[in-house]
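# below is the sequence, then the predicted model.
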Amino acid sequence: MKKRFFALVTALCLAIPLFSSCGKISDTTKTLFIYMCGSNLESKNGLGGKTIDEILSVNSNPNTRIIIETGGSKQWHSHNIDAKKTGRYEIRDGELKLIESLEMQNMGESSTLTDFVVWGKKNYPAKESMFIFWDHGGGSAYGVCSDENYNYDTLSFTEIEKGFADAKLSEKFSIIGFDACLMASLESAKAVKDYARYMVASEELEPGGGWDYSAFLPAFFQNNDPVETGKVICDSYLKKCQDKKRERFCTLSVADLSNYDKMLQSFEDAVKYINQATETKDYFSSITAAADACEHFGVNNIFEGGSNMIDLYDFLEKATLYAGTDRSAVEKNISSYILYSVSDSDRSASGLSFYYPILYKNGEIRDYINLGVSEQYNNYLRTYYLNVPPTTIEFLDKGHVNENGAFEITLSQGSKKYLRQIYYYLYEIDENGKKTPVFTGLDMKKNWNDMKFSMDFKGTGLALQGHEIDALQASDSPTYADFITPVRADNQTTFLRFGLLKDIDKSGEGLYLVEGIWSGFDESNLPNLDLHPLLPGDSIELIKTRIPTSTDYNSDNNTTFTKVEIEYDGSGISRIPLEGKKYEVYYTAIDIFGNFFPSDEAEIEMTKTKEEILKKLPENEQAGKITKISPLNEPQN
């Protein structure tokens with residue numbers, strides 16, 4: 001039936017001017033194809049329709065066609081788009097006009113992509129064509145375009161490559177763009193390098209509004225240079241993020257896919273050096289430290305989950321610093337591969353990311369290896385991440401009081417190879433023995449030579465508008481640290497995210513920045529796109545509970561948490577003196593495979609006054625005295 005319908009449409013096209021594209025095209029003809037998988041972005045927030053509204057706001061150009069395929073959403077909120085059909089539309093004369101309605105197809109299947117490309121290229125030939133994937137992106141492990149009607153099935157990079165290959169394109173697209181999260185990667189570029197001259201994509205999560213179509217479409221209409229069009233896409237997207245106060249999450253780059261092979265070879269050479277070095281020297285711990293310290297995208301922490309995407313150049317720069325890896329070839333080739341990029345000024349975002357298993361998932365690593373991006377890197381992953389030894393972390397001492405009066409642990413030298421992070425968990429103990437969390441942190445003193453780790457107890461916690469919060473440190477780098485704290489907003493349990501710009505005033509205090517409300521990963525197992533700014537006048541409830549957090553925050557009978565409702569006044573996060581008398585701390589070592597190894601626990605009696613704490617204690621001075629060390633007895637729900 002589909003073939004007969006297609007034949008009829010083609011015949012009509014030859015007979016009468018049904019489609020605006022029928023007939024001979026001029027040398028200035030351009031076509032923009034948008035593969036719009038609405039997913040829950042549309043069904044929940046109508047974002048697909050809002051993007052179409054942006055496109056419709058631009059004056060049409062007689063030599064330019066905009067063709068959109070819709071699907072992948074259980075509900076479309078505007079433009080009379082039928083969620084039970086796969087629709088093909090042309091934007092013409094300021095209107096969205098239905099050209100073809102098909103039985104529902106899975107937008108996460110390569111065959112659906114192929115059908116659209118073949119149909120589009122045949123019916124809308126042009127001197128220059130651009131192709132955009134619009135929807136969720138999940139990084140290299142998950143791909144793009146999550147179809148809500150098919151259990152959130154996504155187009156993997158293997159399927160994208162197959163989809164374009166099966167379309168048997170006679171010429172490349174000028175640009176293939178990903179208006180989606182976490183797509184400016186080595187892996188996504190491999191999937192499209194043979195089918196486009198340039199790629200435009202983001203290393204980071206994209207705010208829900210995505211690109212600014214009303215700003216860049218005129219450039220696409222008028223520019224004959226796709227690089228200039230790409231630059232306008234980047235610049236207008238940055239401005240859109242800035243206008244919405246979301247520039248922290250803004251990255252976008254233009255990549256020259258003709259230089260991909262050179263870039264890949266320089267990456268291969270660098271990883272080959274890493275493989276050789278780790279065979280003869282104990283460099284593996286330095287490489288994992290480089291991966292932890294470099295710029296991450298999405299989320300990569302034990303509380304929210306892992307996107308497992310990191311900046312390629314920043315990683316190799318850190319690896320050079322820690323283990324002597326040669327990054328010079330990558331440095332040379334990245335400047336010819338990444339032609340233009342934008343990002344928040346304090347981030348080390350080169351415009352090119354790649355997959356690294358920060359949070360360990362065995363099946364995900366195996367799937368990644370099957371992508372066949374880099375044999376040298378696959379060997380690295382097989383050697384160190386698919387051969388799990390029986391012992392990774394060993395304590396020589398689960399806890400003692402060191403010379404500065406701090407609680408300190410000692411690990412074996414063999415643990416260095418597999419140690420990823422050490423967290424400390426600080427609780428207040430009331431007169432009834434009840435434990436309330438104060439802080440979960442990564443900012444510890446680390447003596448890697450002797451494998452000794454400690455946390456100075458300074459007697460301070462974090463607060464919002466004077467109310468102490470349960471702060472969880474999600475990441476730590478030399479310049480910035482991410483934190484979350486559980487809250488309720490709009491009757492939903494979620495997280496308030498905030499960050500610390502370190503040493504911004506050279507006083508050692510840094511500056512805490514409230515980033516907004518973000519609920520982590522959604523039901524599609526992909527990152528939520530919207531970080532909602534916390535604005536003056538907004539009401540939220542601050543939640544304090546144990547780790548892991550209970551989810552029954554609605555019950556008044558739940559005694560494992562307390563709630564404080566506040567009306568946000570625009571102030572930031574601040575450090576305040578703790579007012580309790582007794583505290584408890586323990587550490588947890590986490591290996592690269594995601595296994596947890598807890599220490600003993602230490603009880604601390606506060607010895608400093610509020611006034612003394614406010615004056616800021618000297619570097620090695622403690623605010624309390626350790627009175628007891630015992631085997632860990634974790635708080636229970």
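Nice, thanks for sending it over. Numbering: from 1, shown residues only.
# Pro437 contacts Glu468, correct?
No: judged on C-beta atoms under 8 Å, Pro437 makes no contact with Glu468 at a distance of 10.1 Å. C-betas here are computed from N, CA, C, even on glycine.
# for this protein, name the helix or strand with the lowest mean pLDDT.
For the chain, using mean pLDDT, DSSP states H and E, the weakest element among its helices and strands is helix 2-15, scoring a mean of 36.
# remind me, longest helix of this structure?
helix 260-280 (DSSP state H).
# for the helix or strand following that helix, name the packing helices and strands.
In the C-terminal direction, the helix or strand that comes right after helix 260-280 (DSSP states H and E) is helix 284-293. Counting by 3 or more C-beta pairs under 8 Å, 6 or more residues apart in numbering; DSSP states H and E, the packing neighbours recorded for helix 284-293 are helix 260-280, helix 312-323, strand 419-429.
# worst mean pLDDT among the ones you listed?
Lowest mean pLDDT within these: helix 312-323, at a mean of 84.
# and the contacts of that helix?
Residues from elsewhere that reach helix 312-323 (C-beta atoms under 8 Å, 6 or more residues apart in numbering): 186, 267, 270, 274, 277, 283, 286-287, 289-291, 293-295, 325-327, 330-331, 334, 348-350, 352-354, 356.
# filter those down to the buried ones.
186, 267, 270, 274, 277, 283, 286-287, 289-291, 293-295, 325, 327, 330, 334, 348-350, 352-354, 356 (16 or more other C-beta atoms under 10 Å).
# who touches the longest helix of the chain?
Helix 260-280 has contacts (C-beta under 8 Å, 6+ apart) with 186, 189-190, 193, 283-284, 287, 312, 316, 319, 323-327, 329-330, 332-334, 336-337, 352, 354, 373-377, 379-380, 383-384.
# and for stretch 70-86?
With C-beta under 8 Å, 6+ apart as the criterion, stretch 70-86 contacts 36-43, 46, 48-50, 52-53, 69, 87-89, 96, 101-105, 107-108, 112, 135, 145-149.
# and stretch 457-468, what's buried?
Phe457, Lys458, Gly459, Thr460, Gly461, Leu462, Ala463, Leu464, Gln465, Glu468.
# send the alpha carbons of it over as PDB?
Provided in PDB are the C-alpha atoms of stretch 457-468 (Å, rounded to 0.1, in the frame of the first residue of the first chain):
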ATOM      1  CA  PHE A 457      36.500  18.700  60.200                       C
ATOM      2  CA  LYS A 458      36.100  22.500  60.100                       C
ATOM      3  CA  GLY A 459      32.700  22.600  61.800                       C
ATOM      4  CA  THR A 460      30.800  24.100  58.900                       C
ATOM      5  CA  GLY A 461      28.000  23.000  56.700                       C
ATOM      6  CA  LEU A 462      26.100  24.600  53.700                       C
ATOM      7  CA  ALA A 463      22.900  26.500  53.900                       C
ATOM      8  CA  LEU A 464      20.300  28.200  51.700                       C
ATOM      9  CA  GLN A 465      18.900  31.300  53.200                       C
ATOM     10  CA  GLY A 466      20.300  30.300  56.600                       C
ATOM     11  CA  HIS A 467      18.700  26.800  56.500                       C
ATOM     12  CA  GLU A 468      21.200  24.000  56.600                       C
END
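# quick one: mean pLDDT over that stretch.
According to the model, stretch 457-468 has a mean pLDDT of 94.
# burial count for Pro533?
Pro533 has 13 neighbours, counted by other C-beta atoms under 10 Å.
# these two touch, right, it and Lys244?
Yes: taking contacts as C-beta under 8 Å, Pro533 lies within contact range of Lys244: 7.5 Å.
# brilliant, that's me finished.
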